[in-house]
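Novice: Give me coordinates for this.
(one chain, ligands or ions: 1)
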Amino acid sequence: MIGDEGALVLFSGGQDSATCLAWALDRFAHVETLGFDYGQRHVVELACRKAVREGLARIDAGWVPRLGPDHTLELAALGQLSETALTRDAAISLGDGGLPNTFVPGRNLLFLTFAAALAMRRDLRHLVGGMCETDYSGYPDCRDDTIKALQVTLNLGMDRRFVLHTPLMWRDKAQTWALAESLGGTGLVDLLVRETHSCYLGVRETLHSWGYGCGTCPACELRRRGWEAYRAS
Ligand code: ZN
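Specialist: A predicted model of the protein is given here:
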């Protein structure tokens, strides 16, 4: 599967994007990472990125020469457009249509478009993101059809042949843990538990079996349930 083509992974420092980074390192000769800073309340997730990248280099020596530079783009405009719990001190709640108020409208469309612009500059053909519609969160920009349509749009608009990969699209959270184990064994699973972050409230004081977090927000609930299902399988 390894060719000489390069990939750019949308890498937030969360469990899903870290798993995608390992997936890309397993497949592509050269892998770069991209994080977005748009004034998230939880800068902790961005801080996790460095620890995960360094940890991955210890998991598999073959990944070391493949892991290229890390990029960060500031998207302050996205924070300005958001009235949500990610960027303001508001409580997590479900709003109209069942979308959590953490939703930033069209966020993944913008992320992938900026990623494609960077990938063009860096001569990287493959874009990898952790979008998933299996543990359905209600985010329409995570749907498979949305990603496929965006791939066509980007290729037309930039006159390229980008390939958008979403390895988690049809995996639930338990299967995502199992994927990590298949890629990097229990060492990778342990790295993801300790160094990735999901909690909406940014809590990193308490280490649970499934990782750090408040234990009660929707993101912690999803992560804990997925971990328990993975451990029971
Ligand atoms: Zn939490």
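
Novice: got the buried residues for stretch 163-181?
Specialist: Under the neighbour-count criterion of 16 or more other Cβ atoms under 10 Å, stretch 163-181 has 164-169, 171-180 buried. All C-beta spots, glycine's among them, are computed from the backbone N, C-alpha and C.

Novice: Distance-wise, check Leu168 relative to the ion.
Specialist: 20 Å (Cβ to the ion, to the nearest Å).

Novice: Name the helix or strand for that residue, please.
Specialist: Using DSSP states H and E, Leu168 maps to neither a helix nor a strand.

Novice: can you tell me which of the buried residues of stretch 163-181 are in strands?
Specialist: Among those, the members falling in strands (DSSP state E) are Leu164, His165.

Novice: farthest-separated two in the buried residues of stretch 163-181?
Specialist: Farthest-apart pair in the buried residues of stretch 163-181 is Leu164 and Ala174; separation 24.4 Å (Cβ to Cβ).

Novice: Tell me who's in contact with Gly51.
Specialist: That one is not Gly; residue 51 is Ala. Ala51 sits next to Glu195 when contact means Cβ atoms under 8 Å, 6 or more residues apart in numbering.

Novice: With Cys214 as the reference, measure out to it.
Specialist: As judged by Cβ to Cβ, to the nearest Å, Ala51 and Cys214 stand 20 Å apart.

Novice: Quick check, pLDDT for the nearest residue to Glu74 once chain neighbours are set aside.
Specialist: Computed as Cβ to Cβ, 6 or more residues apart in numbering, the closest residue to Glu74 that is not its neighbour in sequence is Asp37, at 5.0 Å. Here the pLDDT value assigned to Asp37 is 85.

Novice: and Asp37, how many residues sit next to it?
Specialist: 14 (other Cβ atoms under 10 Å).

Novice: residue contacts, it?
Specialist: Each residue near Asp37 by Cβ under 8 Å, 6+ apart is listed here: Leu46, Thr72, Leu73, Glu74, Leu75.

Novice: just for this protein, where's the confidence low?
Specialist: 1-2, 39-43, 82-103, 135-138 (pLDDT under 70).

Novice: In it, what residue spans correspond to strands?
Specialist: Using DSSP E, the strands of the chain run over 6-10, 30-37, 67-74, 126-128, 163-165, 207-208, 211-212.

Novice: hmm, what's the outermost residue in this structure?
Specialist: Using Cα atoms, centre = their mean, the residue of the chain lying farthest from its centre is Asp159. It sits 26.1 Å away.

Novice: what's the spacing between the residue nearest to Glu74 and Asp70?
Specialist: Note on Asp37: its distance to Asp70, by Cβ to Cβ, is 12 Å.

Novice: repeat for Gly35
Specialist: 7 Å.

Novice: what residues are shared contacts of the two?
Specialist: Contact criterion Cβ under 8 Å, 6+ apart; residues shared by Gly35 and Asp70: Phe11, Arg49.

Novice: who's more crowded, these two?
Specialist: Between Gly35 and Asp70, counted using other Cβ under 10 Å, the more crowded position is Gly35 (20 against 14).

Novice: Quick check: chain neighbours aside, which residue is closest to the more buried one?
Specialist: Thr72 (4.9 Å).

Novice: And for that neighbour, the neighbour number?
Specialist: By other Cβ under 10 Å, the residues close to Thr72 number 12.

Novice: Longest helix in this structure, by number of residues?
Specialist: Identified as the longest helix of the chain according to DSSP state H is helix 173-195.

Novice: residues contacting Ser209?
Specialist: Residues counted as contacts of Ser209 (Cβ under 8 Å, 6+ apart) are Val193, Trp227, Arg231.

Novice: how close does the first one sit to the ion?
Specialist: When Cβ to the ion is the yardstick, Val193 and the ion sit 15 Å from each other.
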